[in-house]
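**Student:** Requesting a structural model of the entry that follows:
(one chain, ligands or ions: 2)
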Amino acid sequence: MMRFCVLWAMTEKLSKRGVCAGPTSRRPNGSSATDESGYPRSRRGDTTAFREVGFVLDLSERKRAEAEALVSERRYREVPMELAHSNRAATMGQLTASIAHEVQQPITATATYASAALRWLNAKPANLDEVRQALEYIVSEAMRAGGIVSGIRDLVRKAPPRKDRVDINEAVREVVELTRGEAAKNDVSVQTVLGDGLQLVLGDRVQLQQVMINLIVNAVEAMGATSTGPRELLISTAADSSNGVSIAVRDSGPGLPPAEIRRIFDPFYTTKENGLGMGLSICLSIVKAHGGRLWASANVPRGAVFQLVLPCGQAEQTLAQ
Ligand SMILES: Nc1ncnc2c1ncn2[C@@H]1O[C@H](COP(=O)(O)OP(=O)(O)OP(=O)(O)O)[C@@H](O)[C@H]1O
Ligand SMILES: [Mg+2]
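**Tutor:** Numbering: from 1, shown residues only. Ligands and ions are numbered 1, 2, ... in the order given. From the prediction side, this is the model:
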């Protein structure tokens, strides 16, 4: 705000002043103001007194604006650094949580196979065929855990996924085997309806299996938490009209509250006492990195359905060829 006032200064003392800047004056409301003042002079006759028209510019606003600009400029410079830091911290947090989340399953499987191997070894007589088989499983689970860790690192680095030619039906069958124990423990019956002649998907086989495992484990956990009704899990695959392959995981659990449906894919969103809330956010990152889509909706007559569509790329051979 610029305050402008007219002064009639009658003293010589005042007349000697041309332009002055900087004194602090009081405003009518008592607040202080930094002024810049000047006096266009007009001599009135030959008297020594000057009749002067003075003006006072209240520069408080300007000074404040300058100070604010300085602060905001500094903040502007610092914000990207803060953001970069918090992004890095968030990424590190998500990376750690993702790895912890995803390697849990192969580690558990490895421990189970190792215990089985010891049992077969301690049997009288020892069953070496079973021991060999268990050791082979351990090796493949350890390799899978290694693949998961490097896959998550690639996801965070936003590196493009590997380009294996993935037979989705075969990948689903393997995953169903891997999660069979968990389903049985929760009294869940598992059914698969796999489409014929699906195209191969170009992508990271381990990552795509991680997606399916997470969706299946969620479905089993959701049904395991309900006490009523049959617990049915249906995993289906089909050719998608957009030249891709679609996969659906349907359960007969409590379903998703419509208000929460958007948030379930957020990292660290969980309604479970022991959940990390990372499963779906990892699924979404993987599916997006493969150029696909993932979404959730209500199943009929009850429960939830998670669907994903993966593109197959051009000129991909189908299994039938
Ligand atoms: N099949 C489902 N039925 C009902 N709710 C589900 C289902 N799948 C996911 N949700 C909801 O979405 C939330 C987020 O799932 P997400 O897999 O990301 O994390 P989580 O399962 O809670 O924990 P984590 O997977 O890290 O152990 C769940 O806590 C649950 O509320
Ligand atoms: Mg989960």
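**Student:** Could you report the pLDDT at the closest residue to ligand 2 within the chain?
**Tutor:** Per CB to the ion, the residue of the chain with the smallest distance to ligand 2 is G279, at 2.8 Å. Every C-beta, even on glycine, is put in place using the N, C-alpha and C of the backbone. You'll see G279 listed with a pLDDT of 92.
**Student:** So the nearest residue to it once chain neighbours are set aside, which state does it fall into?
**Tutor:** Residue nearest to G279 in three dimensions, not counting chain neighbours: N214, with 4.1 Å by CB to CB, 6 or more residues apart in numbering. Going by DSSP: H, G, I helix; E, B strand; the rest coil, the secondary structure assigned to N214 is helix.
**Student:** which residues touch N214?
**Tutor:** N214 makes contacts with 279-280, 282-283, as judged by CB atoms under 8 Å, 6 or more residues apart in numbering.
**Student:** pLDDT value on it, please?
**Tutor:** At N214, pLDDT is 93.
**Student:** how far away is it from P301?
**Tutor:** 25 Å (CB to CB, to the nearest Å).
**Student:** swap in A219?
**Tutor:** 16 Å.
**Student:** So between these two, which is more surrounded?
**Tutor:** A219 (30 against 7; other CB atoms under 10 Å).
**Student:** mind checking how far A219 is from ligand 1?
**Tutor:** 4 Å (CB to the nearest ligand atom, to the nearest Å).
**Student:** distance between the one helix or strand that residue maps to and the chain's centre?
**Tutor:** Element membership of A219 [criterion: DSSP states H and E] is helix 205-224. Per CA atoms, centre = their mean, to the nearest Å, the displacement of helix 205-224 from the mean C-alpha position of its chain is 19 Å.
**Student:** now the angle between helix 205-224 and whatever helix or strand comes next after it, please.
**Tutor:** Sequence-wise, the next helix or strand downstream of helix 205-224 (DSSP H and E) is strand 232-240. Here strand 232-240 runs at an angle of 140 degrees relative to helix 205-224 (axes from the mean of the first three to the mean of the last three CA atoms, to 10 degrees).
**Student:** Can I get strand 232-240 as CSV, trimmed to CA atoms?
**Tutor:** C-alpha atoms of strand 232-240 as CSV (Å, rounded to 0.1, in the frame of the first residue of the first chain):
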residue,chain,number,x,y,z
GLU,A,232,-13.7,-70.3,-3.0
LEU,A,233,-10.9,-68.9,-5.1
LEU,A,234,-11.1,-68.9,-8.8
ILE,A,235,-8.2,-68.0,-11.0
SER,A,236,-8.9,-67.5,-14.7
THR,A,237,-7.0,-66.5,-17.8
ALA,A,238,-8.4,-65.4,-21.2
ALA,A,239,-7.4,-63.7,-24.3
ASP,A,240,-8.1,-60.0,-24.1
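**Student:** Could I get the average pLDDT for it?
**Tutor:** 96.
**Student:** Report how many residues lie close to the residue of the chain closest to ligand 2.
**Tutor:** Neighbour count for G279, taken as other CB under 10 Å: 24.
**Student:** got it, and the one 10 residues further on?
**Tutor:** Burial measure for A289: 18 neighbouring residues, criterion other CB under 10 Å.
**Student:** Strands of this structure, residue ranges please.
**Tutor:** Along the chain, counting by DSSP state E, strands occupy 19-26, 32-38, 41-43, 50-52, 55-58, 164-166, 189-194, 201-203, 232-240, 244-251, 293-298, 304-311.
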